[in-house]
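S.K.: Task: produce atomic coordinates for the following.
(chains A, B, C and D)
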Protein chains: 2
Amino acid sequence: MNNKNATKQVKSGRSKRGRPALSEAQRQEMRDKIALATQRLFKEEGYRNISMRRIAQEVGCAPMTLYQYYDSKLDILHTLWNEVFDELFGGLAELELEGREAQEQLQHLASAYVSYWVDNPDHYRLVYMTEGVSQSDVSVFIDDPDLMARYQVFAEVFGIVCANAFPRAVMAKKLDTLMCFLQGIIHNRVTISGYPWPDLGDMVGLAIHGVLNQEPKDE
Amino acid sequence: MNNKNATKQVKSGRSKRGRPALSEAQRQEMRDKIALATQRLFKEEGYRNISMRRIAQEVGCAPMTLYQYYDSKLDILHTLWNEVFDELFGGLAELELEGREAQEQLQHLASAYVSYWVDNPDHYRLVYMTEGVSQSDVSVFIDDPDLMARYQVFAEVFGIVCANAFPRAVMAKKLDTLMCFLQGIIHNRVTISGYPWPDLGDMVGLAIHGVLNQEPKDE
DNA sequence: TTAATTAAATGTACGCGTATAATTTAATTA
DNA sequence: TAATTAAATTATACGCGTACATTTAATTAA
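M.R.: Below is the predicted model:
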């Protein structure tokens, strides 16, 4: 069901008659062309000015032709995600974490993560809000292995901080919870930008503290 | 700029000539009619099936006539918020909090709050996601005094929990932060419904713990 | 009664995402 | 070469929110 158009199985060399399917190279070339045009649009005219008709115009084809290469507008927008996540995780990778204490590392990492989204609200909207697209669930995240892999940075640093203090399963839950908290901080600061929010680092600190130093209160 | 159509100043009795403006009663009647039709649509056909043309059809007028009484679709949707918040805070008011310890009260309140949204994702989307509407910022919250007032419940219970442990300003920041965390929990559970999230109460517990028992670590 | 005036109501049109139908294109087969 | 076939492409159409133009309706002044 997913990404039908990504590779579009050549149906194991079916049928010698009729117009042949595009080669994988041709497919990819056009996909790249579309992605590039969308990228340019995003950069030069902003998120709100990306439309299928506008992309088609840039590419030089009819709007519906785009659907030969991508399933939906959302599918096209996903190609921009890589750009965004490259920038985001590139920045995170450059952080000087080595010398510091474990929890301080986590604090720095998480703060940088939150800051990125808050400083780039258009990117946040692109990835997390995707309005105007007819789809019901945003489960895209959990079934994109590449994307999940990038978030491993957090798991690694988090693992160091926990340092065998918790069973693996508990640690995983705590990390999930932490990421939810960070998401909450980001989402609120992006969507209610006018509010006098507390210091960003402080909020992140509370989030980390919350998931880490929980007293073993039964029940 | 805001809610131009809500009361629509009669321009201080201007001009005796020409068709008279609708009376306040007539205005309100039509506004109610529209709100009611929208409410019915929401309940019977779901959030996704609310459209200006559909509402107009129910009301028995042309789509553009709706704009005589409301500024935008979003403006109409806001009338549904009251319904939702009535249900939400009504439920919260019925919670048995009295006998319990303060922090446990907060835990119950917050859990019920989160549960409401998670159990009614359509309501969450209605209030917090509002897709397909052309508007840039969702600052509607902070300049709706009635709505802000309802959230005072949290401030009250939170105040009891803190019990003079923190200065008022610090307490306010902690509360803001807690609400962000809760929002994060909700948002993730609603939008990524397929994921095996940790226990809801546990997540809420970590959020509360995070903002409350912070060690006085300077800097 | 008629003309003028003003608000309310409606009609038309735009760009949107995209479903579906029709057309064009590039290959094979007769 | 001409007919057939299937993929690629494009045209058309729908419902969407709503800007803008037009029409209708209700009042007063002439």
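S.K.: drop to CA atoms for contacts and neighbour counts, all remaining ones
M.R.: OK.
S.K.: what are the C-alpha coordinates of the longest helix along chain A, in PDB please?
M.R.: For chain A, the longest helix by residue count, based on DSSP state H, is helix A:168-191. Extracted as PDB, the C-alpha positions of helix A:168-191 are listed here (Å, rounded to 0.1, in the frame of the first residue of the first chain):
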ATOM      1  CA  ARG A 168      15.900  -1.900  28.700                       C
ATOM      2  CA  ALA A 169      12.100  -1.800  28.300                       C
ATOM      3  CA  VAL A 170      11.700   0.800  31.000                       C
ATOM      4  CA  MET A 171      14.400   2.900  29.400                       C
ATOM      5  CA  ALA A 172      12.600   2.700  26.100                       C
ATOM      6  CA  LYS A 173       9.400   4.000  27.600                       C
ATOM      7  CA  LYS A 174      11.200   6.800  29.300                       C
ATOM      8  CA  LEU A 175      12.700   7.800  26.100                       C
ATOM      9  CA  ASP A 176       9.400   7.800  24.300                       C
ATOM     10  CA  THR A 177       8.000   9.900  27.000                       C
ATOM     11  CA  LEU A 178      10.900  12.400  26.900                       C
ATOM     12  CA  MET A 179      10.400  12.800  23.200                       C
ATOM     13  CA  CYS A 180       6.700  13.500  23.700                       C
ATOM     14  CA  PHE A 181       7.600  16.200  26.200                       C
ATOM     15  CA  LEU A 182      10.100  17.800  23.800                       C
ATOM     16  CA  GLN A 183       7.500  17.600  21.100                       C
ATOM     17  CA  GLY A 184       5.000  19.300  23.400                       C
ATOM     18  CA  ILE A 185       7.500  22.100  24.100                       C
ATOM     19  CA  ILE A 186       8.100  22.600  20.400                       C
ATOM     20  CA  HIS A 187       4.500  22.400  19.300                       C
ATOM     21  CA  ASN A 188       3.400  25.000  21.800                       C
ATOM     22  CA  ARG A 189       6.200  27.400  21.100                       C
ATOM     23  CA  VAL A 190       5.700  27.100  17.300                       C
ATOM     24  CA  THR A 191       1.900  27.300  17.300                       C
END
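S.K.: what's around A:D144, how many residues?
M.R.: 10 (other C-alpha atoms under 10 Å in any protein chain shown).
S.K.: again with A:R31
M.R.: A count of nearby residues for A:R31, using other C-alpha under 10 Å, gives 20.
S.K.: quick one: the residue lying closest to it once chain neighbours are set aside and DNA strand D, what's the gap?
M.R.: Counting by C-alpha to C-alpha, 6 or more residues apart in numbering or on different chains, A:R31 lies nearest to A:Y69, which is 6.0 Å off, once chain neighbours are set aside. Using C-alpha to the nearest atom of the strand, to the nearest Å, A:Y69 is found at 7 Å from DNA strand D.
S.K.: Now that A:Y69 has come up, it's in contact with A:E24, right?
M.R.: No - look at A:Y69 against A:E24 with C-alpha atoms under 8 Å: they stay out of range, at 11.3 Å.
S.K.: what about those two, which has more around it?
M.R.: A:Y69 (22 against 12).
S.K.: Would you mind measuring from whichever residue of chain A sits closest to DNA strand D to A:C162?
M.R.: When scored by C-alpha to the nearest atom of the strand, chain A has A:G18 as its residue closest to DNA strand D, at 2.8 Å. Applying C-alpha to C-alpha, to the nearest Å, the value for A:G18 to A:C162 is 61 Å.
S.K.: which of the two has more neighbours?
M.R.: Counted by other C-alpha under 10 Å, A:G18 and A:C162 do not tie: A:C162 has more neighbours, with 18 against 6.
S.K.: Which strand or helix spans A:F89?
M.R.: Here A:F89, judged by DSSP states H and E, is contained in helix A:73-93.
S.K.: And A:L95, by the same measure?
M.R.: A:L95 belongs to no helix or strand, assigned by DSSP H and E.
S.K.: which outside residues touch the longest helix of chain A?
M.R.: Outside helix A:168-191, the residues that touch it by C-alpha atoms under 8 Å, 6 or more residues apart in numbering or on different chains are A:110, A:114, A:117-118, A:121, A:124, A:155, A:158-159, A:162, A:195, A:197, A:203-204, A:207-208, A:211-212, B:137-139, B:177, B:180-185, B:187-188, B:197-198, B:203, B:207.
S.K.: ok, which of those residues also contact DNA strand C?
M.R.: Among the contacts of helix A:168-191, not one lies near DNA strand C by C-alpha under 7 Å from any atom of the strand.
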